[in-house]
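S.K.: got a predicted structure plus its sequence, pasted below:
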Amino acid sequence: MSGSREPRVPILMYHAVATAPNDATRALSVTPEAFYEQMALLSGAGFTPVDTAQLARSWRASGPLPERPVLITFDDGYEGVHRHALPVLSRHGFAATLFVSTGWLRGEYDTGGGLDEMLDWDQVRELAASGVEIGGHSHTHPQLDQLSDDALWSELLRCREIVTDELGARPASFAYPYGYSSRRVRRTVREAGFTQSLAVGNALARRRQGPYALRRVTVRRGTGIEEFERLVEGRAITRTFARDRALTKGYSMVRRARQVRRKAIRSRV
């Protein structure tokens with residue numbers, strides 16, 4: 001990668017790591033055994049995991065990156081990240097980023113929206129103490145581009161303030177719930193104090209995507225080890241996610257129509 005004019009970096013998007021996930025999280029979960037095998041492959045292939053802040057900082061300053069950088073990211077805040085993923089990450093000395101939806105975690109801020117067994121704040125602190133970067137993922141995990149300006153600000157600031165209060169450090173990185181964003185959402189994320197943010201996109205990340213639209217590759221329960229190897233090597237990604245891209249394109253048209261309709265309604269009020 002280092003020899004190319006513009007390095008392409010695989011950013012892996014995980015959710016739950018669980019032996020017996022519920023129906024709501026099964027498709028986007030991986031088994032502990034699969035996660036162990038995938039991390040062993042990264043180690044054996046000479047990849048060096050960095051966290052989101054390190055990648056963005058390097059690209060902003062045109063600074064150096066390891067020979068084969070990769071990002072390991074987790075969304076939402078499922079308990080299995082602590083139970084199953086952390087021991088594997090620690091064994092390999094791997095960096096990672098966890099994006100938490102603060103209203104989904106167990107504790108005083110819990111809104112009851114978590115889809116499966118979620119982390120509590122003691123576990124999040126243990127992850128942070130082990131070197132996992134903790135980023136924001138909104139408070140209640142809504143589709144941010146469908147919110148009013150006030151509701152969007154509330155979701156971002158509530159998330160940022162809770163993480164800061166619980167960990168004693170302000171989160172620098174953010175990931176869009178469902179991967180959805182818009183120019184307005186990206187601008188507001190920046191104004192809320194986050195210095196970089198991740199989408200989905202199912203493509204390798206490039207510097208030219210900009211710090212608020214870096215793309216990730218989805219790892220799910222059906223991702224076998226051979227497919228995983230192809231993904232991190234950047235091979236056949238377009239073919240692998242062809243159906244996902246078609247669905248995303250169609251749904252984006254629906255979302256834009258909804259936004260236009262809401263703006264028209266607000267203008268008449």
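M.R.: Nice, thanks for sending it over.

S.K.: how about the strands in the chain?
M.R.: Assigned by DSSP state E, the strands in the chain fall at 8-9, 11-14, 48-50, 69-76, 97-100, 133-136, 173-175, 196-201, 205-206, 214-218.

S.K.: would CSV of the ones you listed with mean pLDDT be doable?
M.R.: Shown next, in CSV, are the strands of the chain (pLDDT from 0 to 100):
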stretch, mean pLDDT
strand 8-9, 95
strand 11-14, 98
strand 48-50, 98
strand 69-76, 98
strand 97-100, 98
strand 133-136, 98
strand 173-175, 98
strand 196-201, 96
strand 205-206, 96
strand 214-218, 97
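
S.K.: in TSV, list these along with distance to residue 32 and mean neighbour count.
M.R.: Every residue, glycine included, has its C-beta placed from N, CA and C. Compiled in TSV, the strands of the chain are given as follows (distance: least, C-beta to C-beta, whole Å; neighbours: other C-beta atoms under 10 Å):
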stretch	distance to residue 32	mean neighbour count
strand 8-9	26	18
strand 11-14	12	24
strand 48-50	18	21
strand 69-76	13	25
strand 97-100	17	28
strand 133-136	22	25
strand 173-175	23	29
strand 196-201	24	24
strand 205-206	26	20
strand 214-218	18	23
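
S.K.: for residue 186, find the nearest of those.
M.R.: For residue 186, the closest of those is strand 196-201, at 6.9 Å, according to C-beta to C-beta.

S.K.: what's in contact with that closest one?
M.R.: 11, 13, 52-53, 55-56, 73, 99, 172-176, 178-179, 181, 186, 189, 211-216, 218 (C-beta atoms under 8 Å, 6 or more residues apart in numbering).

S.K.: for the stretch 101-250 of the chain, which spans come out with low pLDDT?
M.R.: Within the stretch 101-250 of the chain, the ranges that satisfy pLDDT under 70 run 239, 242-250.

S.K.: could you pull out the helices for it?
M.R.: Residue ranges of the helices in the stretch 101-250 of the chain, as given by DSSP state H, counting those that start in this stretch, are 121-129, 149-167, 183-191, 225-233, 237-240, 242-268.

S.K.: which strands or helices does the second one pack on?
M.R.: Which is helix 149-167. Other elements packing on helix 149-167 under the criterion 3 or more C-beta pairs under 8 Å, 6 or more residues apart in numbering; DSSP states H and E are helix 121-129, strand 133-136, helix 183-191.

S.K.: and that helix, how far from the chain's centre?
M.R.: Its chain's average C-alpha position is 17 Å from that of helix 149-167, according to C-alpha atoms, centre = their mean, to the nearest Å.

S.K.: try the fifth one
M.R.: Per C-alpha atoms, centre = their mean, the displacement of helix 237-240 from the mean C-alpha position of its chain is 20 Å.

S.K.: and that helix, what does it pack onto?
M.R.: For helix 237-240, the packing partners by 3+ C-beta pairs under 8 Å, 6+ apart come out as helix 225-233.

S.K.: what helices or strands is the helix it packs on leaning on?
M.R.: Against helix 225-233 (3+ C-beta pairs under 8 Å, 6+ apart) you get helix 32-44, helix 237-240.

S.K.: would a markdown table of the ones you listed with distance to residue 198 and mean neighbour count be doable?
M.R.: Below are these laid out as a markdown table (distance: least, C-beta to C-beta, whole Å; neighbours: other C-beta under 10 Å):
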| stretch | distance to residue 198 | mean neighbour count |
| --- | --- | --- |
| helix 32-44 | 18 | 17 |
| helix 237-240 | 16 | 14 |
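
S.K.: got a markdown table for those, with distance to residue 201 too?
M.R.: Shown next, in a markdown table, are the helices and strands packed on helix 225-233 (distance: least, C-beta to C-beta, whole Å):
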| stretch | distance to residue 201 |
| --- | --- |
| helix 32-44 | 20 |
| helix 237-240 | 10 |
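
S.K.: mean pLDDT for the ones you listed: which is lowest?
M.R.: Ranked on mean pLDDT, the bottom entry among these is helix 237-240, at a mean of 73.

S.K.: on that earlier part again, of all the strands of the chain, which one is nearest residue 234?
M.R.: strand 8-9 (5.8 Å).
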